[in-house]
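Undergrad: requesting a structural model of the entry that follows:
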Amino acid sequence: MIDKTFENLSKNLNIELANIEKQISSPRKKLSTSLKIIKKCLRQLKIDVLAEGFKNEEEEIYFFKKVKPYFYAKWIYVFEIHLLEMNQPKGTSEMLKNYFEGELQLINRYFKQNAYFYHYFKSGAQELDNYCFLRNADMEAIAIPEMPESEQEFATACDPLFAKFIAYEDLQNHLLYLLNPKEIQENPSLEKVIQKTLIDLSVDQLGLITRAADDARLILGKSFSKICKDLAPYIATPEKNHISSNSLRSNAYLAENSDKSNVIKTLEKMINFIKGY
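TA: Model (predicted):
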């Protein structure tokens, strides 16, 4: 249920949001229409979850760690973009630059204030998953920085926090583009509506596996940098719908042991499938 629902809803949602961006000029109408569509997706997810349930705890953790935050992050991101545009100063380019840099500082401050869980989010750690992403977990067993949603049947301790991390990282990337749009200008395909392929790895892990494929000459590109530029516009992760080629490239050289371990397990899983074909 999870994979099918997630794939279909995410594809349709991304297409609809892109169409709204192109077709609606009024900021207020754009916001209300986008939120309506995202709310519809979240409602459908809830209906499916309550109707079908989960096969086991592993499936429930996956849903509340990966799936629900992905959609809830869309809500947060759309709202934050609206506020960013509405509060944008009308003046010199220097005023605009200071405004965007100030917003970046607010995002960085939020990440620092929630440093422990943000690192947990970024590293792909799993040791606290039973407390963070199960509905019947003892929420008092961990010191969560924010109050979770009150809707117990469709909420866990940390899925709202992970949604914020996803949304704020996307907002951070958007602000960096506004401050330095050079990469987009050099690669116009990033601005088009692209049907992306969802890969269940973190950006760090994607960078690592892409670098290994380049070193093994499995991908025959002019350079690793060029390979990242070619791949980034067409792939997404459960946490990030927009992946920059810079992050894909740089994260390949900063891999943590947990990322290496997860990539190796993923490759071993693929090998087992191949042996059974």
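
Undergrad: how about low-confidence regions in this structure?
TA: Within the chain, the stretches with pLDDT under 70 are 1-5, 139-141, 143, 145-151, 181-196, 238-239, 241.

Undergrad: okay, now the domains of it?
TA: The chain breaks down into these structural domains: 1-180, 190-277 (assignment by automatic domain parsing).

Undergrad: the residue nearest to K229 when sequence neighbours are not counted and S25: what is the separation?
TA: For K229, ignoring the flanking residues on the chain, the nearest one in space by CB to CB, 6 or more residues apart in numbering is S245 at 4.3 Å. For the C-beta atoms, the positions are set from N, CA and C on the backbone; glycine is no exception. Remark: distance between S245 and S25 (CB to CB, to the nearest Å) = 30 Å.

Undergrad: so for those two, which sits in the more crowded spot?
TA: In terms of neighbours (other CB atoms under 10 Å), S245 is the more surrounded of S245 and S25; the figures are 20 against 7.

Undergrad: hmm, G221 and the more buried one touching each other?
TA: No. Under the contact definition of CB atoms under 8 Å, S245 does not touch G221, with a separation of 11.8 Å.

Undergrad: where do the strands sit along this protein?
TA: Listed in chain order, the strands found in the chain under DSSP state E are 197-198, 235-236.

Undergrad: looking at these, which is closest to E169?
TA: E169 lies closest to strand 235-236 among the strands of the chain, at 12.5 Å (CB to CB).

Undergrad: who touches the closest one?
TA: Among residues not part of strand 235-236, those counted as contacts by CB atoms under 8 Å, 6 or more residues apart in numbering are K196, T197, L198, I199, L206, H242, I243.

Undergrad: turn these into JSON lines, including distance to R217.
TA: Formatted as JSON lines, the entries for those read as follows, by distance: CB to CB, whole Å:
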{"residue": "K196", "distance to R217": "26"}
{"residue": "T197", "distance to R217": "22"}
{"residue": "L198", "distance to R217": "26"}
{"residue": "I199", "distance to R217": "21"}
{"residue": "L206", "distance to R217": "19"}
{"residue": "H242", "distance to R217": "29"}
{"residue": "I243", "distance to R217": "23"}
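
Undergrad: let me see the ranges of the helices in the stretch 1-150 of the chain.
TA: Ranges of helices in the stretch 1-150 of the chain, per DSSP state H, counting those that start in this stretch, are 2-23, 27-52, 57-62, 68-86, 93-113, 115-123, 129-132.
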